[in-house]
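*Asks:* What shape does this take:
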Amino acid sequence: MPPVETVLPSNLCPLIKSTFGFHVQHANPFLEQAALVVGETTCDGKKKMFELLGESRAIHVMELPQKPDDPDSLDRWDLELRRLRRALEQRFGVEITDDKLRDAIRVMNRERRLRRELASLMKRSPPPFSGRRLLSFQSIMSGMPQDFEQYERALAGYKDAPGDPALASRTRVLLTGVPIVHGAERVLELIEARGGVVVCMESCTGLKPILENVDENAADPVRALAEKYYHLPCSVMLQNDRRMETLRTLAAEYKAECVVELVWQFCLTYDVESQRVRKLAEQELKLPYLKIETDYSPSDSERIGVRVEALFETVRHAACRN
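*Replies:* Got it, this is the predicted structure:
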């Protein structure tokens, strides 16, 4: 990130700076080989970063309307998907038929199902493995047959296995907030190193995008894709009640004992929405809550670790009183 701060503001989300840093340093093989980059206007920082990226790379930016319960907004998102479809066809000289889309939907539904089944093993007490272990199963790519084989082997190995006794006394954590991208797993590791076990990750790198499948038999597969993805409860949405509903459900299903919210520095949408999450956790769910605001640097790891230990002490104290 230091080299990119000569171009982008230092007080910008680390995920955005890191993404652009790969571009500046030509350090990401996937980006270097890409014939097209597809971006989205989920936040102003990303939008302007894609503008700079487009100066030297082929890029297609999708405009994301942000009122999830507005039928007109869904129609506009449907239109954006159809524009992407045409852009891909024209650039790569292919025809993306409805049948090909349905085949791809079936592949991704299989991936979502396998990942859901793996995640559901964390409902056990004690769970069979740590949250970090669960995250390690997840590939940075999608729809890979080798990944499906890994998921199926893991399910076969852990499905009837007893829970890990080493995790029995640990505090069960529901982790929410920003995505934990590859290489930035530090906070998850700190939570589990200080006596917790992350039994549920609600974020975009956790359960959020895999809770629902796309209708494989829809007459219009583009519309089915639009409906599935437009209803994801991202913090950019107005009004984002679905996220609160999801947290209620997951906290109960995974028997969470506390809620930890991770917010990358200068990620304004998650930072502002954290007030609603705190209120939900403490006042409605009666669960201790901790907000961690950080970036990719390990400089504050000890401070975060102390705060996590204090949270777990609160959980233990509440359990003793009950």
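
*Asks:* got the contact list for Asn213?
*Replies:* By CB atoms under 8 Å, 6 or more residues apart in numbering, Asn213 lies in contact with 109, 112-113, 228. The way it works is simple: take the backbone N, C-alpha and C, and place the C-beta from them, glycine included.

*Asks:* if we take these, which one ends up nearest to Leu8?
*Replies:* Nearest to Leu8 out of the contacts of Asn213 is Lys228 (CB to CB; 32.2 Å).

*Asks:* ok, which stretches of this structure are helices?
*Replies:* Under the criterion DSSP state H, helices of the chain are mapped to 14-25, 29-33, 44-53, 71-92, 98-120, 131-137, 145-158, 186-193, 221-230, 241-253, 268-279, 301-321.

*Asks:* got the angle for the fifth one vs helix 241-253?
*Replies:* For the pair helix 98-120 and helix 241-253, the angle between their directions (axes from the mean of the first three to the mean of the last three CA atoms, to 10 degrees) equals 40 degrees.

*Asks:* Can you list the buried residues in helix 98-120?
*Replies:* 101-102, 104-105, 108-109, 111-112, 114-115, 118-119 (16 or more other CB atoms under 10 Å).

*Asks:* could I get these as CSV with distance to Ile59?
*Replies:* Below are those laid out as CSV (distance: CB to CB, whole Å):
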residue, distance to Ile59
Leu101, 23
Arg102, 28
Ala104, 22
Ile105, 25
Met108, 23
Asn109, 28
Glu111, 26
Arg112, 27
Leu114, 32
Arg115, 29
Leu118, 34
Ala119, 33
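
*Asks:* Excluding sequence neighbours, find me the nearest residue to the residue nearest the centre of the chain.
*Replies:* Among the residues of the chain, Cys204 comes closest to the average C-alpha position under CA atoms, centre = their mean, at 1.4 Å. Distance criterion CB to CB, 6 or more residues apart in numbering; nearest residue to Cys204, sequence neighbours excluded, is Pro179 at 4.2 Å.

*Asks:* how many neighbours does the one you found have?
*Replies:* 16 (other CB atoms under 10 Å).

*Asks:* Same question for the one 5 residues further on.
*Replies:* Other residues near Ala184 number 19, with proximity taken as other CB under 10 Å.

*Asks:* How about the one 3 residues further on?
*Replies:* For Val187, the neighbour count with other CB under 10 Å is 22.

*Asks:* Any idea how many residues pack against the residue lying closest to it once chain neighbours are set aside?
*Replies:* Among residues not flanking Val187 along the chain, Leu262 sits closest, at 5.3 Å (CB to CB, 6+ apart). Neighbour count for Leu262, taken as other CB under 10 Å: 26.

*Asks:* got it, and Ile210?
*Replies:* Using other CB under 10 Å, Ile210 is surrounded by 19 other residues.

*Asks:* gap between the closest residue to it other than its chain neighbours and Lys228?
*Replies:* Leaving aside its sequence neighbours, Ile210 sits nearest to Arg112 (CB to CB, 6+ apart; 4.2 Å). Distance, Arg112 to Lys228, by CB to CB, to the nearest Å: 10 Å.

*Asks:* and for these two, which residues touch both?
*Replies:* 212-213.

*Asks:* before we move on, back to that, out of the helices of the chain, nearest to Ser169?
*Replies:* Closest among the helices of the chain, using CB to CB: helix 301-321, at 9.7 Å.

*Asks:* And stretch 293-308, end to end?
*Replies:* Criterion CA to CA, to the nearest Å; first-to-last residue distance in stretch 293-308 is 13 Å.

*Asks:* buried set for that stretch?
*Replies:* Buried residues in stretch 293-308, defined by neighbour count with 16+ other CB under 10 Å: 293-295, 300, 304, 307-308.

*Asks:* before we move on, what about stretch 279-289?
*Replies:* 280-281, 285, 287-289.

*Asks:* Identify the farthest-apart pair in these.
*Replies:* The span of the buried residues of stretch 279-289, defined through CB to CB, is set by Leu280 and Pro288 at 12.6 Å.

*Asks:* Outline the domain layout of this protein.
*Replies:* Residue ranges for the domains of the chain, per automatic domain parsing: 1-62, 98-321.

*Asks:* For Thr314, give its distance to Leu247.
*Replies:* 19 Å.

*Asks:* the more surrounded of these two?
*Replies:* It is Leu247, of Thr314 and Leu247, that has more neighbours when counted by other CB under 10 Å, with 25 against 16.

*Asks:* list the contacts for Pro14?
*Replies:* Neighbours of Pro14 in contact, by CB under 8 Å, 6+ apart: 1, 184, 264-266, 295-296.

*Asks:* Can you lay out the residues you listed as JSON lines showing pLDDT and distance to Gln146?
*Replies:* Below are those laid out as JSON lines (pLDDT from 0 to 100; distance: CB to CB, whole Å):
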{"residue": "Met1", "pLDDT": "76", "distance to Gln146": "31"}
{"residue": "Ala184", "pLDDT": "91", "distance to Gln146": "24"}
{"residue": "Trp264", "pLDDT": "97", "distance to Gln146": "30"}
{"residue": "Gln265", "pLDDT": "96", "distance to Gln146": "35"}
{"residue": "Phe266", "pLDDT": "95", "distance to Gln146": "36"}
{"residue": "Asp295", "pLDDT": "94", "distance to Gln146": "32"}
{"residue": "Tyr296", "pLDDT": "93", "distance to Gln146": "28"}
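
*Asks:* Many thanks, have a good one.
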